[in-house]
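Peer 1: quick check, what structure comes out for this input:
(chains A and B)
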2 protein chains.
Amino acid sequence: MLNFEFKNPTKIIFGKGQIENLGKEIPKDAKVLMLYGGGSIKKNGIYEQVKNSLKGFEVIEFGGIPANPEYEVLLDALKIIKEEKITYMLAVGGGSVIDGTKFLSAAALYEGNSPWDILKNNIKTEKGLPFGTVLTLPATGSEMNSGSVITRKETQEKLAMGGPGLFPEFSILDPLVVQSIPKRQLANGITDAFTHVLEQYMTYPTQAYLQDRFAESIMQTLIEIAPRITKDPSDYEAAANFMWSCTMALNGLIQKGVPTDWAVHAMGHELTALFGIDHARTLAVVAPSHYRYNFEAKKEKLAQYGKRVWGLTEGSTEEIAQVAISKTEDFFHSLEIETKLSEYTTDYKGTAEKISKRFTERGWLGLGEHKTLAPSDVEKIIEMSY
Amino acid sequence: MLNFEFKNPTKIIFGKGQIENLGKEIPKDAKVLMLYGGGSIKKNGIYEQVKNSLKGFEVIEFGGIPANPEYEVLLDALKIIKEEKITYMLAVGGGSVIDGTKFLSAAALYEGNSPWDILKNNIKTEKGLPFGTVLTLPATGSEMNSGSVITRKETQEKLAMGGPGLFPEFSILDPLVVQSIPKRQLANGITDAFTHVLEQYMTYPTQAYLQDRFAESIMQTLIEIAPRITKDPSDYEAAANFMWSCTMALNGLIQKGVPTDWAVHAMGHELTALFGIDHARTLAVVAPSHYRYNFEAKKEKLAQYGKRVWGLTEGSTEEIAQVAISKTEDFFHSLEIETKLSEYTTDYKGTAEKISKRFTERGWLGLGEHKTLAPSDVEKIIEMSY
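Peer 2: Residues are numbered from 1 along each chain as shown, chains lettered A, B, ... in the order given. This is a model prediction of the structure:
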């Protein structure tokens, strides 16, 4: 087991009807900026619930934060924060709205020239403008971690940021919100969370037995509830397990003491930036090829995963590891998630070279748990994903 | 899944050589009271490591906190805290030293007449005197929770307290400390942590799939490392898994969203108060009888545990559940932990009536996940434990 530090101060308020407790979590004298996305919360009743529990607060709204939160849009919100002297933010949405709010939390107190530097120079935020969240779309885990990914349209870039000052003070997780999520988003959420676990697990054995089992627990639970939740999103118990699994998949716990990979995300982000493919779907495209390309390095963990998560019993380590990759693809397919780039765009030729070149230009020092994957490896993996 | 709130702000600093980072976690101008137990830390080198990393701080020491921390002894420390205007405490020890420090954290800022009222009236501490810990004995999970159990010798009472103000600010978990722990204490630690998980798991199914799997993960890991760690406590990887499992067993996570029992602890505490039997051993005495006595209510979870944790495949739900209880006893025996009261004392006759009477006098309203166990049930369970 590797040495680690772990601290996660976010307060989780989980369960049926918890949105009405929102007001108790925000300082009484706060001037609140409420942030949300495309407006689905106005159709499913969440907007009303939130507004009701914010009665008595001074609230300004900022809607329209798009999927893959865009820097340009967020700058408009930043202007409001500064002009209106906002003291607290409330993100009502999924990972995009929460990630956008984290950028604003950092940018509001940033004293440098351009807030883009926070992303470009990967500046760790020690103290941000305080904020809470009401999660409307389980997937990214952003509601209980301190990381964020922001997109800049003009340069087709998608960059990560974070720091201990960017944990939400509280996050309200009411599984009832799941019932109004479209099936496509549910499939994305399950795939995203599942791949988050894979990134923190599918490396090499380090005798971190407990972390391995926790990771396997999350994947087993996602596999168990996937058919229930996609068939009937109003299945409360399935929704509750889905929601809690997504949060636990990326709140820092399972990555402590173990090596992590994250190459699938690095490559997937490029596919979103280039083609606008849903984040989760890019992960499903890249992951199988990544595991096949790095099979020798990962086969021990692939076999452990095959045995424990998929119940495989027959065959050698290599055979079980290979079947485990196929099982993963089958799982994505069962969610109607395609796993080849050519199923998302006809314009895929040259993508591998293009992404490889972008990594080279950005001075990328190596991907994967050993930090050894070069742009030339990335090129091959993306080619295998066509 | 039940509604829940979860917040755990303790910073964990885990791994080889982490004690030397201690000084960075304490405010530079702090006046520190360093608390420890019977002095084993002076033999195993931990005392030196701690003192080295506290260089530059004003430090007063208070040693001699006994197992099952005694109220009377803690009052002496409380006097020092007040007289010396201590601003920060550092607990260096196992659950007893940390629990004692939590009592002091609460008592130092308590404005009522007698600090015993905190325990007698179960007063929740919202804000305590800040403290950190250096864990020297994995077992209780006290290093990452806000609960404490204090003993009062003169009345043979053992009472619990807690509150959000009693989380350690940080806890240093260096698995190297495990190598100097006597085998008896290692066996106690494993048994204690294992039973903590049982108390939060062995109730009835509530479709909390992830929590169930996390609980099973901890038990599987404890079973996996138990023979290694008792054979060779310098086996670092086994020690690291042991340490992290003990912490995760009682840091609040696995109990969220599920019913919990804790009747085994309530009864076990009485056996410690009456006979001075090691805490963990009292749990091993009571748990099997408790599960047999409440078999109908718990058989579904007992069978799930039998299948997933012990790999049982043959038989009916009832049969697997029965074997699962025996497997648990076998596990305790493998650690040289006896599971009958008569193996600890010849003076056990009348204990069941005595404990039952104490519960009646204390106005106990019912034990177990349904809060339905009466003092008469307690009497029968203790009798079955003779």
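Peer 1: for A:K380, which non-adjacent residue is closest in space?
Peer 2: A:Y293 (6.2 Å; CB to CB, 6 or more residues apart in numbering or on different chains). The C-beta positions use only the backbone N, C-alpha and C, and glycine is treated the same way.
Peer 1: could you measure from that neighbour over to chain B?
Peer 2: Per CB to the nearest CB, to the nearest Å, A:Y293 is found 29 Å from chain B.
Peer 1: I'd say that residue and A:I382 touch.
Peer 2: No - A:Y293 is beyond contact range of A:I382, at 9.9 Å (criterion: CB atoms under 8 Å).
Peer 1: pick out whichever of these two has more residues nearby.
Peer 2: A:I382 (25 against 20; other CB atoms under 10 Å in any protein chain shown).
Peer 1: which residues in the stretch 51-200 of chain A form helices?
Peer 2: Under the criterion DSSP state H, counting those that start in this stretch, the stretch 51-200 of chain A contains helices at A:71-83, A:95-109, A:116-120, A:183-201.
Peer 1: can you check which helix is longest in chain A?
Peer 2: Ranked by residue count under DSSP state H, the longest helix found in chain A is helix A:209-231.
Peer 1: is it true that A:L210 touches B:I218?
Peer 2: Yes - judged on CB under 8 Å, A:L210 makes contact with B:I218 at a distance of 6.7 Å.
Peer 1: picking up where we left off before, quick one: closest of the helices of the stretch 51-200 of chain A to chain B.
Peer 2: Chain B sits nearest to helix A:183-201 of all these, at 11.2 Å, using CB to the nearest CB.
Peer 1: report the distance from that closest one to the chain centre.
Peer 2: Centroid separation for helix A:183-201 versus its chain: 8 Å, with CA atoms, centre = their mean, to the nearest Å.
Peer 1: tell me the angle of that helix relative to helix A:95-109?
Peer 2: Orientation of helix A:183-201 against helix A:95-109 (axes from the mean of the first three to the mean of the last three CA atoms, to 10 degrees) gives an angle of 60 degrees.
Peer 1: could you give me the buried positions within helix A:183-201?
Peer 2: For helix A:183-201, a neighbour-count test (16 or more other CB atoms under 10 Å in any protein chain shown) marks A:185-201 as buried.
Peer 1: so which other helices or strands are in contact with it?
Peer 2: helix A:209-231, helix A:236-249, helix A:263-275, helix A:279-293, helix A:317-334 (3 or more CB pairs under 8 Å, 6 or more residues apart in numbering or on different chains; DSSP states H and E).
Peer 1: out of the ones you listed, the one nearest A:M161 is which?
Peer 2: helix A:263-275 (13.2 Å; CB to CB).
Peer 1: what's the angle from that closest one to helix A:279-293?
Peer 2: 130 degrees.
Peer 1: sorry, back to before: mutual contacts of A:L210 and B:I218, please.
Peer 2: Taking CB atoms under 8 Å, 6 or more residues apart in numbering or on different chains as the contact rule, the neighbours common to A:L210 and B:I218 are B:245, B:248.
Peer 1: does A:T191 touch A:F332 like I think?
Peer 2: Yes - using CB under 8 Å, A:T191 is in contact with A:F332, at 6.0 Å.
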